[in-house]
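Participant: when you get a sec, could you give me coordinates for this:
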Amino acid sequence: MYIGSIDQGTTSSRFIIFDKKGDIIAMGQKEHEQIYPQAGWVEHNPEEIWKNTQEVIGLALGKANLSAKDIAAVGITNQRETTVAWNKKTGKPYYNAIVWQDTRVGSELAELAKDGGMDRFRGKTGLPLAAYFSGLKLRWLLNNCEGLREDAEKGEALFGTMDTFIAWHLTGGIEGGLHITDVTNASRTQLMNLETCQWDQEILDIFKIPKAMLPQIVSSSKVYGTAKGVLNDVPLAGMLGDQQAALVGQTCFDPGQGKNTYGTGCFLLMNTGTKPIPSKFGLLTTVAYQLGDEPVHYALEGSVAITGALVQWLRDNLGIIKSSPDIEKLAKEVEDNGGCYFVPAFSGLYAPYWKSDARGVLVGLTRYINKSHIARAALEATAFQTWEVLEAMEKDAGIPINSLRVDGGMVVNQLLMQFQSDIIGQEVICPKIIETTALGAAYAAGLAVGYWANLEDLRKNWAIAGTWKPKMEMSKKEKLQSQWKKAVTKSFDWEEE
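Facilitator: This next block holds a predicted model:
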């Protein structure tokens, strides 16, 4: 028997089949369209995503010559904060899914901050006011989609992040599909109280969101029900937001253990145990996971909006590389960044600054700079942003991080990983299985059905594939760090209301 994992990401949907050792047996993957109706707006077509999800499940099963009967359980992991509302009777979305990167609600933040400032809801939710989270995206949908508010009041409209949307369809859709979300995804809506792990009525009232449209909040690892269709009768038993799934996939079960996932954005999470730690240094307090009926574990998180997406931008918008892997070769043509720094604040700055009015800047340009320097500056931006989040995390948690576990698509880039180690002055460790996001959801599902007996079984699966140690001289490192901080300030206050 095997465990299946649906990984519904920002750019594609995948289905990965794992064995007991956490090794990949087969994978199906399909990209979906990125829709940009206007500057700062990012959307996905949820129906396309559900269609692709079914296709990739069939694809992976076919490749491995397996059927649904060979799958002991399935887990779901998803791009967090991406928000969709659909009709319970027809299954039809009222509008495209509004993606986590979307900034359309940015203009509403100042109004909400008048009463209590940007940290108005931080005490309850662990989150500052930002365009990033789902609650304000849902409010936008309710205010702008014809008939949605009416249907929501009647209990006919459903809201969810992509885990909820996929789970509902997977377990029957209009024929009694489950309307659920796990604690990790719920903690990213800005509508859940971190202490009680329930929807907060006071915030719902302020946002004018009818409670009837919200999913039931459940544990991250538990048998919720069974799938219909392509995975007929397979227990759906795990759900985790993608970054929390990576934390579980990296087996960071002890307080102080942390990981960084390098994808479209960068997400650094540190397990802080069973008590939420309020952040004083610009981080988010969030739910790490809940396994079965055990207490909820919390994490500190630093989110960087644009990392891998910057490489895609150099490829698609500027055309200086033909494919994403070409960036390393181009960056290696020069010894250093030549004095230029790229701050990719395309949709504002996330942790530790939280400035939605910041915009991208390329600074320090001279006649000497060529496309190789720009490629190098783009890669270095990922490492610099990670360093700033790590610095904030150590201050908040009061726990020094003596190594960084890394995963995600960009860890194959040797130049980036070495520079990351140099700039944080610590060892960087990459596990054998870099698909830790999908693996985390598989672990959650497998634990719920007894496929893995306990956390020790999962820890045994973790093996190291690569380690990078810092080599840079202290004086050089400090100069680069100082120039970076200066470059970041040049991106502030660009967007005017």
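Participant: separation between the residue lying farthest from the centre of the chain and Tyr341?
Facilitator: Distance to the chain centre peaks in the chain at Arg367, reaching 38.0 Å (criterion: C-alpha atoms, centre = their mean). Distance from Arg367 to Tyr341, counting by C-beta to C-beta, to the nearest Å: 17 Å. Heads up, the C-betas are built off the backbone N, CA and C, glycines and all.
Participant: and what of Gln250?
Facilitator: Gln250 sits 30 Å away from Tyr341, going by C-beta to C-beta.
Participant: again, but for Glu146
Facilitator: Using C-beta to C-beta, Glu146 is found at 46 Å from Tyr341.
Participant: and if you look at Thr82?
Facilitator: According to C-beta to C-beta, Thr82 stands 30 Å off from Tyr341.
Participant: repeat for Glu294
Facilitator: Counting by C-beta to C-beta, the gap from Glu294 to Tyr341 is 44 Å.
Participant: give me the more crowded residue out of the two.
Facilitator: More crowded of Glu294 and Tyr341, by other C-beta atoms under 10 Å: Tyr341, with 22 against 11.
Participant: is it true that the more buried one touches Gln483?
Facilitator: Yes. Tyr341 lies in contact with Gln483 (C-beta atoms under 8 Å); the separation is 6.3 Å.
Participant: shared neighbours, these two?
Facilitator: Counting by C-beta atoms under 8 Å, 6 or more residues apart in numbering, the contacts common to Tyr341 and Gln483 are Gly364.
Participant: pLDDT below threshold where in the chain?
Facilitator: Low-confidence segments of the chain, defined by pLDDT under 70: 497.
Participant: buried sites along the longest helix along the chain?
Facilitator: When the chain is parsed with DSSP state H, its longest helix is helix 371-397. Neighbour-count burial for helix 371-397, counted by 16 or more other C-beta atoms under 10 Å, picks out 372-393, 396-397.
Participant: then stretch 90-108?
Facilitator: 91, 93-106.
Participant: now, among these, which is nearest to Leu455?
Facilitator: Trp100 (29.2 Å; C-beta to C-beta).
Participant: now for the residue lying closest to that closest one once chain neighbours are set aside, how many residues are close by?
Facilitator: Leaving aside its sequence neighbours, Trp100 sits nearest to Glu81 (C-beta to C-beta, 6 or more residues apart in numbering; 3.7 Å). Glu81 has 25 neighbours, counted by other C-beta under 10 Å.
Participant: just to be sure, Ala152 is in a helix?
Facilitator: Yes. Assessed by DSSP: H, G, I helix; E, B strand; the rest coil, Ala152 belongs to a helix.
Participant: check contacts around it.
Facilitator: Shown in contact with Ala152 (C-beta under 8 Å, 6+ apart): Ala85, Leu142, Phe159, Ile209, Pro210, Ala212, Met213.
Participant: check Asp357 too.
Facilitator: Each residue near Asp357 by C-beta under 8 Å, 6+ apart is listed here: Gly106, Gly348, Phe492, Asp493, Trp494, Glu495, Glu496.
Participant: next, the second one: phi, psi?
Facilitator: For Gly348, the backbone dihedrals (degrees, to the nearest 10) come out as phi 90, psi 180.
Participant: in contact with it, which residues are there?
Facilitator: Thr103, Gly106, Ala131, Ala305, Lys355, Ser356, Asp357, Ala358, Arg359, Glu495 are the contacts of Gly348 under C-beta under 8 Å, 6+ apart.
Participant: how about it, nearest residue that isn't a chain neighbour?
Facilitator: Excluding its sequence neighbours, the residue lying closest to Gly348 (C-beta to C-beta, 6+ apart) is Ser356, at 3.9 Å.
Participant: looking at the buried residues of stretch 90-108, which is nearest Ala227?
Facilitator: Of the buried residues of stretch 90-108, the one sitting nearest to Ala227 (C-beta to C-beta) turns out to be Gly91, at 15.9 Å.
Participant: verify the assumption that the closest one is located in a helix.
Facilitator: No. Counting by three-state DSSP, Gly91 is located in no helix; its state is coil.
Participant: I'd guessed it sits against Ile174; true?
Facilitator: Yes. Gly91 lies in contact with Ile174 (C-beta under 8 Å); the separation is 5.0 Å.
Participant: please point out which parts of the strand or helix carrying Leu458 sit buried.
Facilitator: Assigned by DSSP states H and E, Leu458 belongs to helix 455-461. By 16+ other C-beta under 10 Å, the buried positions in helix 455-461 come out as Asp457, Leu458, Asn461.
Participant: which one of the residues you listed is nearest to Asn337?
Facilitator: Asn461 (38.1 Å).
Participant: so how many other residues sit close to the closest residue to that closest one other than its chain neighbours?
Facilitator: In this structure, Asn461 finds its nearest non-sequential neighbour in Gly22, 3.9 Å apart by C-beta to C-beta, 6+ apart. Counted with other C-beta under 10 Å, residues neighbouring Gly22 total 25.
Participant: for Gly22, helix, strand, or coil?
Facilitator: Here Gly22 is recorded as coil under three-state DSSP.
Participant: thought it was touching Leu439?
Facilitator: Yes. Between Gly22 and Leu439 there is a contact under C-beta under 8 Å: 5.7 Å.
Participant: shared neighbours, those two?
Facilitator: Taking C-beta under 8 Å, 6+ apart as the contact rule, the neighbours common to Gly22 and Leu439 are Ile433.
Participant: and of the buried residues of stretch 90-108, the nearest to Gln201?
Facilitator: Val105 (21.3 Å).
Participant: and that closest one, what does it touch?
Facilitator: When contacts are counted by C-beta under 8 Å, 6+ apart, Val105 touches Ala131, Leu136, Lys137, Arg139, Trp140.
Participant: those residues in helices, which ones?
Facilitator: If you go by DSSP H, the contacts of Val105 have Leu136, Lys137, Arg139, Trp140 in helices.
Participant: measure Leu314 to Trp468 for me?
Facilitator: Per C-beta to C-beta, Leu314 is found 23 Å from Trp468.
Participant: which residues touch the residue lying closest to Asp233 once chain neighbours are set aside?
Facilitator: Computed as C-beta to C-beta, 6+ apart, the closest residue to Asp233 that is not its neighbour in sequence is Thr226, at 5.3 Å. Listed by C-beta under 8 Å, 6+ apart, the contact set of Thr226 reads Thr171, Asn232, Asp233, Val234, Pro235, Leu236.
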